[in-house]
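Asks: could you work out the structure for the sequence below:
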Amino acid sequence: ARSFTFSDFSEAFAFMTRVALVAEKIDHHPDWSNVYKTVNVTLNTHDAGGLTALDFELARTMNRYFG
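Replies: Reported below is the predicted structural model:
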């Protein structure tokens, strides 16, 4: 789990949009929420009962887009 904080809502929403495109491409979708400039994310593969390679791939993508 991680929280990403941006300068405003537009930046937070842009981040979510970019990540959503990748999530759709790899068919692996995060549990997340957005409140104003903060995006809260929890990664978990429910079918596997824990983390898988797809969770780590999506986490790397989010970190790259954030940083």
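
Asks: got the phi and psi for the closest residue to residue 8 other than its chain neighbours?
Replies: Leaving aside its chain neighbours, residue 8 sits nearest to residue 37 (5.4 Å; criterion: CB to CB, 6 or more residues apart in numbering). All C-beta atoms are positioned from the backbone trio N, CA, C, and that covers glycine. The phi/psi pair for residue 37 (degrees, to the nearest 10) reads phi -110, psi 10.

Asks: over to residue 59?
Replies: Main-chain torsions, residue 59, degrees, to the nearest 10: phi -60, psi -40.

Asks: now for it, how many residues are close by?
Replies: When neighbours are counted by other CB atoms under 10 Å, residue 59 registers 15.

Asks: next: the one 4 residues further on.
Replies: Burial of residue 63, expressed as a neighbour count using other CB under 10 Å, amounts to 11.

Asks: tell me if I am right that it is in a helix.
Replies: Yes - looking at residue 63 with DSSP: H, G, I helix; E, B strand; the rest coil, it is inside a helix.

Asks: for it, what are its contacts?
Replies: By CB atoms under 8 Å, 6 or more residues apart in numbering, no residues touch residue 63.
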